[in-house]
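Undergrad: A structural model of the following input is requested.
(one chain, ligands or ions: 1)
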Amino acid sequence: MQKLIIINGPNLNLLGKREPNIYGSLTFTEFFDTVKKKYPNVDLDYYQSNIEGEIIDKLHEVGFGHDGIILNAAAYTHTSVGIGDAVKAIETPVVEVHISNTFSREEFRHQSYVSPNARGVVLGFGLQSYELAIQSFL
Ligand code: CA2
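TA: All right, here's what the predicted structure looks like:
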């Protein structure tokens, strides 16, 4: 059984509760429950943190044992050399995900410290971006 984990960065705990025009009206937990049921043959974990160092610690923890990491580092995508370095340092492949199309938004969202060391990037498909990333590992 494939062991995958979704790691979400800052403010993604507010999904479904704020800015539904950009990020949709489903909470991540609701979405995650649906996806888990849809892929019973995938051992799927979920972790969210608003703290950069905690995300780096989680990447270290899962980055040598899991089969795949689906990472939405949220705003840290555009700022964090530390998360970028962690993605480079670990063995488990990382697929970078974004709910919104970051390239159709402000210029500062066009930069990613994750992309250079990601296996691939899925963005702009709403929460379905996560599902497409899961499928890329199957
Ligand atoms: O589109 C994405 O998935 C982003 O990673 C989301 C980040 C943003 O900074 C990136 O540029 C693109 C922001 C996540 C904030 O999530 C919220 C959810 C609900 C309400 C408010 C914020």
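
Undergrad: from here on, contacts and neighbour counts on C-alpha atoms
TA: Noted.

Undergrad: Tell me the buried residues in the lowest-mean-pLDDT helix or strand in the chain?
TA: Ranked by mean pLDDT, DSSP states H and E, the helix or strand of the chain with the weakest confidence is helix 20-23, at a mean of 79. Within helix 20-23, the residues that count as buried by 16 or more other CA atoms under 10 Å are residue 23.

Undergrad: CA-only coordinates of that helix in CSV, if you can.
TA: Taking C-alpha atoms only, helix 20-23 is exported to CSV below (Å, rounded to 0.1, in the frame of the first residue of the first chain):
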residue,chain,number,x,y,z
PRO,A,20,-14.7,31.0,-0.5
ASN,A,21,-14.4,32.9,-3.8
ILE,A,22,-10.7,32.0,-4.1
TYR,A,23,-10.4,28.8,-2.0
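
Undergrad: On the C-terminal side of it, identify the next helix or strand.
TA: Read in the C-terminal direction, the helix or strand following helix 20-23 is helix 28-38, with elements assigned using DSSP states H and E.

Undergrad: and residue 35, what pLDDT?
TA: Per-residue confidence (pLDDT) for residue 35: 97.

Undergrad: what does residue 82 give?
TA: On pLDDT, residue 82 comes in at 98.

Undergrad: what about it, which helix or strand?
TA: Per DSSP H and E: helix 81-89 holds residue 82.

Undergrad: what helices or strands is that helix leaning on?
TA: Helix 81-89 is packed against helix 52-62, with contacts defined by 3 or more CA pairs under 8 Å, 6 or more residues apart in numbering; DSSP states H and E.

Undergrad: helix/strand/coil for the nearest residue to residue 120 once chain neighbours are set aside?
TA: If the residues on either side of it in the chain are set aside, residue 120 comes closest to residue 95, at 5.1 Å by CA to CA, 6 or more residues apart in numbering. Reducing the assignment to helix, strand or coil with DSSP: H, G, I helix; E, B strand; the rest coil, the entry for residue 95 is strand.
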